[in-house]
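Novice: missing the sequence, but the structure's below:
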């Protein structure tokens, strides 16, 4: 059994920078036609110049694979002139509540203080991407943020807002209630719950932000993905950390899935008899939502064993992927 | 400011065995007059002979401090003769649902299959101590188990049942509804929530079973402790693991608090203006509930800085305590 996917897209990806970027970039560019590149570097990507320079660094590491990096500006209080200049070079702006996740210290402390930026973005048709978590109790952070999504979506009805890496059933339900809300969802949030992070032994390699939630949340996310809800897009949030920051006292948040995401999604959709919906979930929905025309790429995934390595190594780094050392039932067997 | 505590008791303690026992036993016997010694060794303590031998090994490591180990049999389907022989040598029997926590593989798979043992215990006045968690979603395991407590408490009204290391507001509320239910609570569950384990960086040293719950759960536990609810006893559940099993991929559950529990409790009760209730919480409640007369010991705790070491080392082991490297405001300054 096999399926050939046209132009897989990863609508939420962390490539980091320098040696780590050199290690992980080809692991995405091999199987994806394009990816939305998160701007939370240190310092964050906050100017057109930084954005273009980062894009060049990424393109120097694609190892020749056809690939479009959809660049993103780190949200801040830009002038209209700055936005106008950057508009055609980016797919959107990413808003982080200050301190909500890795390298988000420069984020927004008071959402209502930046509504004039939302207004400009609405008028200029620049999409807003949001890490939607409050600073509340870890299991409630996304739920508590939903009213902020509702507020922005209502006040700026022409602003396209992407709820990034949603993790709750309540967030799924917003998709059908606000025309201008859409969402990405990761691979791991379709598969795991908090049980997999902290229900047995503590598993740092499945620890991410937002944290995996309850079984009923996973079910709602999986159901929406399997039926390829037209406003739900695949976004891996694949986030490499050096192993020294994962297997240690005080482990950083992020799951590294880039090299296995396509195969694991095929396995998941096949298990649930929904393989015919994977093309929409992994590409068409995003093309429609963002109006992008990705690089040509045909990726064939076959039901055959795929041994996930214990780690991906190179450029002085060692990154442990999800499912390290396990064998998947599906494998990418051809890319043209 | 200072307080002198009479005969502090730790009603739930893991001393392990061999070299680890040699390292951690004196850290408890120094400040506590007695402790309930959990029987989940490998293999578990399942006979009078094993129990007496374990007690001897513990007593060989008290470093001369006055100390009573209250021994516990690992719950299983004992004969009446076995229970009759062991009765006077133990404080109770500890029931673990199979696989619920560290070294509980030999536990009970079906609670209703052992009700004849509960009946014998009720008649022989042997207390039942329970690790009350189901195999459900990690945040629900204790809540789901509460109906089992209610069932046993109702069916065996003369059986004294201790809900060990409770972590939820719902468990607190059962104390006032069933005459024969009482509970222990740990230090960490009075202080932390899941936020401290997985809300920022992942913190393996605060990972334990039952996992720390929601803010409203902590508030209910703290409120009951501060007012020295007469059916709530201090039980540290201090559980040393070798550092190799904590700061690693797949970390074992357990927080090591024995050497700082008395000082940290004094600080906590002082912060909340409840210092006058600490004696009841840390000793009198347990004496009344179990009818024990602990070894004489007067422990003076003073409001003065106490630097917690990064680790306690010895006998080939290195154990990281809660609050490692931090400075507490209170310190044990005299023991007589």
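Specialist: Alright, I've got the coordinates. Quick caveat, the model's predicted, so the values are computed rather than measured.
Novice: can we go C-alpha only for contacts and neighbour counts from here?
Specialist: Will do.
Novice: now do residue A:81 against residue A:47, distance only.
Specialist: 12 Å (Cα to Cα, to the nearest Å).
Novice: and the two? which has more neighbours close in?
Specialist: The neighbour count for residue A:81 versus residue A:47, taken as other Cα atoms under 10 Å in any protein chain shown, is higher for residue A:47 (16 against 9).
Novice: so who does the nearest residue to the more buried one once chain neighbours are set aside touch?
Specialist: Using Cα to Cα, 6 or more residues apart in numbering or on different chains and skipping the chain neighbours, the partner closest in space to residue A:47 is residue A:73 (7.1 Å). Applying Cα atoms under 8 Å, 6 or more residues apart in numbering or on different chains to residue A:73 gives the contacts A:39, A:45-48, A:51, A:90, A:92-94.
Novice: make a markdown table from the residues you listed and add pLDDT and distance to residue A:304 to it.
Specialist: Shown next, in a markdown table, are the contacts of residue A:73 (pLDDT from 0 to 100; distance: Cα to Cα, whole Å):
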| residue | pLDDT | distance to residue A:304 |
| --- | --- | --- |
| A:39 | 98 | 36 |
| A:45 | 98 | 40 |
| A:46 | 98 | 44 |
| A:47 | 98 | 45 |
| A:48 | 98 | 44 |
| A:51 | 98 | 40 |
| A:90 | 98 | 38 |
| A:92 | 98 | 38 |
| A:93 | 98 | 39 |
| A:94 | 98 | 38 |
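Novice: quick one: which of the residues you listed sit in strands?
Specialist: A:92-94 (DSSP state E).
Novice: ok, back up a step: per-residue confidence averaged over the helix or strand harbouring the residue nearest to residue A:47?
Specialist: Residue A:73 belongs to strand A:68-74 when assigned by DSSP states H and E. What strand A:68-74 shows for mean pLDDT is 98.
Novice: tell me the contacts of residue A:242?
Specialist: Shown in contact with residue A:242 (Cα under 8 Å, 6+ apart): A:317-319.
Novice: which pLDDT value goes with it?
Specialist: Looking at residue A:242, its pLDDT is 80.
Novice: could you tell me how far it is located from residue A:308?
Specialist: In terms of Cα to Cα, residue A:242 sits 18 Å off from residue A:308.
Novice: what would the contacts of residue A:242 look like in JSON lines with secondary structure?
Specialist: Formatted as JSON lines, the contacts of residue A:242 follow (DSSP: H, G, I helix; E, B strand; the rest coil):
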{"residue": "A:317", "secondary structure": "strand"}
{"residue": "A:318", "secondary structure": "strand"}
{"residue": "A:319", "secondary structure": "strand"}
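Novice: so for stretch A:114-133, mean pLDDT?
Specialist: Averaging pLDDT along stretch A:114-133 yields 98.
Novice: show me how far that stretch is from its chain's centre.
Specialist: Taking Cα atoms, centre = their mean, to the nearest Å, one finds the center of stretch A:114-133 at 18 Å from the center of the full chain.
Novice: do stretch A:312-324 as well
Specialist: 19 Å.
Novice: tell me if it is near chain B.
Specialist: No. Stretch A:312-324 does not reach chain B (Cα under 8 Å from any Cα of the partner chain); its nearest approach is 10.4 Å.
Novice: which parts of that stretch are buried?
Specialist: Using 16 or more other Cα atoms under 10 Å in any protein chain shown as the test for burial, stretch A:312-324 gives A:312, A:317-324.
Novice: before we move on, back to that, out of the contacts of residue A:242, the closest to chain B would be?
Specialist: Of all these, the one with the least separation from chain B (Cα to the nearest Cα) is residue A:319, at 12.9 Å.
Novice: sorry, back to before: ok, the residue nearest to residue A:47 to chain B distance?
Specialist: As defined by Cα to the nearest Cα, to the nearest Å, residue A:73 lies at a distance of 25 Å from chain B.
Novice: can you check residue A:286 too?
Specialist: Relative to chain B, residue A:286 is positioned 31 Å away (Cα to the nearest Cα).
Novice: residue A:90 and residue A:68 touch, don't they?
Specialist: No. Using Cα atoms under 8 Å, residue A:90 is not in contact with residue A:68; the gap is 11.3 Å.
Novice: residues that sit against both of the two, list them.
Specialist: Common neighbours of residue A:90 and residue A:68 (Cα under 8 Å, 6+ apart) do not exist.
Novice: check whether stretch A:151-171 contacts chain B.
Specialist: No. For stretch A:151-171, no contact with chain B is found by Cα under 8 Å from any Cα; the gap never falls below 15.1 Å.
Novice: then stretch A:180-193?
Specialist: No. Using Cα under 8 Å from any Cα, stretch A:180-193 stays clear of chain B, with a minimum separation of 8.5 Å.
Novice: now do the same end-to-end measure for that stretch.
Specialist: Taking Cα to Cα, stretch A:180-193 runs 28 Å from one end to the other.
Novice: distance of the residue nearest to residue A:47 from residue A:244?
Specialist: In this view, residue A:73 and residue A:244 are 29 Å apart by Cα to Cα.
Novice: again with residue A:109
Specialist: 30 Å.
Novice: now residue A:17
Specialist: For residue A:17, the distance to residue A:244 (Cα to Cα) stands at 17 Å.
Novice: between these two, which one's more packed in?
Specialist: The residue with more neighbours, out of residue A:17 and residue A:244, is residue A:17; 16 against 13, by other Cα under 10 Å.
Novice: and the gap between the more buried one and chain B?
Specialist: Per Cα to the nearest Cα, residue A:17 is found 21 Å from chain B.
Novice: pretty sure that residue contacts residue A:43?
Specialist: No. Residue A:17 is not in contact with residue A:43 according to Cα under 8 Å; the separation is 10.8 Å.
Novice: where do the strands of the stretch 1-150 of chain A begin and end?
Specialist: For the stretch 1-150 of chain A, strands defined by DSSP state E, counting those that start in this stretch occupy the ranges A:2-6, A:9-13, A:34-37, A:68-74, A:92-95, A:128-130.
Novice: returning to that earlier point: ok, which pair from the buried residues of stretch A:312-324 is furthest apart?
Specialist: Using Cα to Cα, the pair of the buried residues of stretch A:312-324 lying farthest apart is A:317 and A:323, separated by 18.5 Å.
Novice: tell me the mean pLDDT over the top helix by length along chain A?
Specialist: Of all segments of type helix in chain A, defined using DSSP state H, the longest is helix A:141-155. On average, the pLDDT along helix A:141-155 is 97.
Novice: gap between that helix and the chain center?
Specialist: How far helix A:141-155 lies from its chain's middle: 19 Å, per Cα atoms, centre = their mean.
Novice: which other residues reach that helix?
Specialist: Residues outside helix A:141-155 that contact it (Cα under 8 Å, 6+ apart) are A:132-136, A:159, A:161, A:163, A:166-168, A:170-171, A:178, A:180-181, A:210.
Novice: phi, psi of the closest residue to chain B within the stretch 1-150 of chain A?
Specialist: Residue nearest to chain B within the stretch 1-150 of chain A (Cα to the nearest Cα): residue A:138, separated by 5.2 Å. Torsion angles at residue A:138 (phi, psi; degrees, to the nearest 10) stand at phi -50, psi -40.
Novice: is it in contact with residue B:199, as I believe?
Specialist: Yes. At 5.2 Å, residue A:138 counts as touching residue B:199 under the criterion of Cα under 8 Å.
Novice: any idea how far apart the tips of stretch A:254-263 sit?
Specialist: End-to-end distance for stretch A:254-263: 20 Å, by Cα to Cα.
Novice: and the average pLDDT for that stretch is what?
Specialist: Confidence for stretch A:254-263, expressed as mean pLDDT, is 94.
Novice: how about that stretch, does it reach chain B?
Specialist: No. Stretch A:254-263 does not reach chain B (Cα under 8 Å from any Cα); its nearest approach is 10.5 Å.
Novice: hmm, who's touching that stretch?
Specialist: Residues outside stretch A:254-263 that contact it (Cα under 8 Å, 6+ apart) are A:24, A:27-28, A:31, A:187-188, A:205-209, A:236-241, A:301, A:308, A:319-322, A:328, A:330-332.
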